[in-house]
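Asks: Got a sequence here, can you build the structure:
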Amino acid sequence: MHRRLPDYLQPGLKVVFVGFNPGERSARIGHYYAGRGNQFWNLLYESGLVRQRLRPEDDHRILEFGLGLTDVVKRWSRSSSSLRAIDYKKGIPRLLAKLRQVQPRAVAFNGKLAYEKVAAAPVQLGLQREKLEGALVFVLPSTSGRNGRLTRAAKLRYFRRLAQWVRKNG
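Replies: Okay, the predicted model is just below:
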């Protein structure tokens, strides 16, 4: 059985992390970034964005740290490449409405392609010039175990840049 992951959002968040869509394992166990090899929770801790090491089963605790979680598309899939145009057509306006409602200071996309779908244009990793519903946009490399283009150390550098911004502005 696959579950729809809840949004962990509330007004006043420092950063909302936006994933592409839930993977198969995350949807099966009902927790964010649960895929084997996904580095999200470790990078979150090692960058200093959270003070405690969290596991996927602790995803509901993200709000304690002034952070939130959601996805561009809420439908699970084995791979983001199997998503259809209709998934984005429905998902992007829902995402924007959620961001308007909670008004985070920053939105961090977990994966370049996730933000490219929202921006409808190619983007680079890191801080973006454009804002999204009034929030700063930061594009992180995908933490999926399938993303082998960047080393773990390179991914951690991007998370640390985001953590540095949060310390200055959070």
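Asks: Which of the three states applies to Thr70?
Replies: The three-state label given to Thr70 by DSSP: H, G, I helix; E, B strand; the rest coil is strand.
Asks: What pLDDT is listed against it?
Replies: With respect to pLDDT, Thr70 has a value of 96.
Asks: Count the neighbours of it for me.
Replies: When neighbours are defined as other Cβ atoms under 10 Å, Thr70 has 22 of them. All C-beta atoms are positioned from the backbone trio N, CA, C, and that covers glycine.
Asks: Pairing-wise in the sheet, spell out the partners of it.
Replies: With DSSP bridges applied, Thr70 shows beta-bridge pairing to Val18.
Asks: quick one: contacts for it?
Replies: Taking Cβ atoms under 8 Å, 6 or more residues apart in numbering, we find Thr70 in contact with 7-9, 16-19, 95, 98.
Asks: quick one: it and Ala97, what's the gap?
Replies: 11 Å (Cβ to Cβ, to the nearest Å).
Asks: Kindly report the same for Thr151.
Replies: From Thr151 across to Ala97, the span is 36 Å (Cβ to Cβ).
Asks: repeat for Pro22
Replies: Note on Pro22: its distance to Ala97, by Cβ to Cβ, is 19 Å.
Asks: which one of those two has more residues nearby?
Replies: The neighbour comparison of Pro22 against Ala97 (other Cβ under 10 Å) goes to Pro22, with 25 against 11.
Asks: which parts of the lowest-mean-pLDDT helix or strand in the chain are buried?
Replies: Every helix and strand of the chain was ranked by mean pLDDT, DSSP states H and E. The lowest is helix 24-29, at a mean of 87. Residues 25-27 are the ones in helix 24-29 that count as buried (16 or more other Cβ atoms under 10 Å).
Asks: Stretch 156-170 too?
Replies: Buried residues in stretch 156-170 (16+ other Cβ under 10 Å): 156-159, 161-163, 165-166.
Asks: which ones are touching Leu127?
Replies: 136-138, 161, 165.
Asks: Oh, that last question was meant for Arg75, not what I typed.
Replies: Arg75 touches 21-22, 83, 87, counting by Cβ under 8 Å, 6+ apart.
Asks: Same check on Leu9?
Replies: If a contact means Cβ under 8 Å, 6+ apart, then Leu9 has 16, 68-70, 98, 101-102 as its contacts.
Asks: could you redo the last one with a cut-off of 10 Å?
Replies: For Leu9, the contact set (Cβ atoms under 10 Å, 6 or more residues apart in numbering) comprises 16, 62-63, 67-70, 98-99, 101-102, 104.
Asks: What's opposite Gly126 in the beta bridge?
Replies: Going by DSSP bridges, Gly126 is paired in beta bridges with Val139.
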